[in-house]
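> heads up, no residue letters with this:
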């Protein structure tokens, strides 16, 4: 039979949960006690090192020292000595794994997620081991509880009413002030009209500016096309001349040019030879 249902490690100064066990209980009563545990965790700095809050089916036990506290939800049949022995062992294990600087710098809930499995193992160990096997440890805790009994909390100490902790944060209820709006003056109406006119003028100016920008863009595109079309035609003409060997029937001007070039290169020996 499970005696320890849920356990967690929290930071004392602000109640930030650092690590917690995996619980498999989703009854309405158990969820209500988890809410009570969370509320109590926010006020641990106001209580001494050990404390308990008992109900009909569940009980909450906590043990704190320094800036770290361990809390657990146990069955009402769970002996207090066994619960505090579990919490003390859990505290030693956590503080041995993480230093105070690392704990103080934690800024998000459950920052030490890897410690959850250790809590789960320790919870399973205390639920399965018999009291006779822990007799020496339980005897030590019994003596400590006898000399320094834990503080006993009532269920009202773990309640939250309308988001305010009972008995610790007083609520100040004051009537809300009544504000009366003054009527708009003639100067205010004139200012409103002028603002509307300025907004309309700015809108018209923006429309004309957009039209001018589009017109300029079209003109620039036309200039670019006027340059690219003749340039492409010239390139095409040069390519056609090279491919067709400057044929006479296609390009008669080129024939005369070739004849002039040939005539310029005639020599007297060519004339005597009948060339």
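Right, received. Where do you want to start? Predicted model, so just to flag it, every value in this text is computed and none were measured.

> three-state assignment of the residue most central in space within the chain?
The residue lying closest to the centre of the chain (C-alpha atoms, centre = their mean) is residue 108, at 11.3 Å. State at residue 108, reduced to three classes by DSSP: H, G, I helix; E, B strand; the rest coil: coil.

> What does the pLDDT read for it?
In this prediction, residue 108 carries a pLDDT score of 92.

> gap between it and residue 18?
Noted for residue 108: a distance of 10 Å to residue 18, by C-beta to C-beta, to the nearest Å. All C-beta atoms are positioned from the backbone trio N, CA, C, and that covers glycine.

> now do residue 58
With distances taken as C-beta to C-beta, residue 58 is found 22 Å from residue 18.

> Tell me where the stretch 101-250 of the chain has strands.
When assigned using DSSP state E, counting those that start in this stretch, the strands of the stretch 101-250 of the chain occupy the ranges 151-153, 160-161, 164-165.

> Point out where the stretch 1-150 of the chain drops to low pLDDT.
The stretch 1-150 of the chain contains residues with pLDDT under 70 at 1-2, 131-132.

> show me where it has helices.
28-41, 80-97, 100-104, 116-128, 135-147 (DSSP state H, counting those that start in this stretch).

> so how many other residues sit close to residue 106?
By other C-beta atoms under 10 Å, the residues close to residue 106 number 15.

> Likewise for the one 10 residues further on?
Other residues within reach of residue 116, judged by other C-beta under 10 Å, total 17.

> repeat for the one 3 residues further on
Counted with other C-beta under 10 Å, the neighbours of residue 119 add up to 24.

> Equivalent analysis for the one 10 residues further on, please.
For residue 129, the neighbour count with other C-beta under 10 Å is 11.

> List phi and psi for it.
phi -80, psi 150 (degrees, to the nearest 10).

> cool, and residue 25?
Dihedral angles (degrees, to the nearest 10) for residue 25: phi -110, psi 120.

> Tell me what residue 11 is bridged to.
In this entry, residue 11 is beta-bridged to residue 68, by DSSP bridges.

> which ones are touching it?
When contacts are counted by C-beta atoms under 8 Å, 6 or more residues apart in numbering, residue 11 touches 18, 67, 68, 69, 103, 104, 106.

> so how far is residue 143 from residue 33?
29 Å.

> Of those two, give the one with the bigger neighbour count.
Taking other C-beta under 10 Å, residue 33 and residue 143 do not tie; residue 33 has more neighbours (24 against 11).

> that older thread, what subset of the contacts of residue 11 is buried?
The neighbour-count test (16 or more other C-beta atoms under 10 Å) marks 18, 68, 69, 103 as buried among these.

> Would you format these as TSV with distance to residue 205 included?
Output for the buried ones among the contacts of residue 11, formatted as TSV (distance: C-beta to C-beta, whole Å):
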residue	distance to residue 205
18	61
68	67
69	67
103	62
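
> Which two of the residues you listed have the greatest separation?
By the measure C-beta to C-beta, 69 and 103 form the most distant pair in the buried ones among the contacts of residue 11, at 11.2 Å.

> Look at residue 59 and say how many residues are nearby.
19.

> typo on my end, it should be residue 155
Neighbour count for residue 155, taken as other C-beta under 10 Å: 13.

> Quick check: residue 64 vs residue 210, distance?
From residue 64 to residue 210 the distance is 69 Å (C-beta to C-beta).

> Which of the two has more residues huddled nearby?
Counted by other C-beta under 10 Å, residue 64 and residue 210 do not tie: residue 64 has more neighbours, with 22 against 10.

> Identify the residues contacting that one.
The contact partners of residue 64, taken as C-beta under 8 Å, 6+ apart, are 12, 44, 47, 49, 50, 70.

> give me that answer again for 7 Å
Shown in contact with residue 64 (C-beta atoms under 7 Å, 6 or more residues apart in numbering): 12, 44, 49.

> In contact with the first one: list those residues for me.
Residue 12 makes contact with 44, 45, 64, 67, 68, 69 under the criterion C-beta under 7 Å, 6+ apart.

> between these, which is closest to residue 220?
Closest to residue 220 out of these is residue 67 (70.7 Å), distances taken as C-beta to C-beta.
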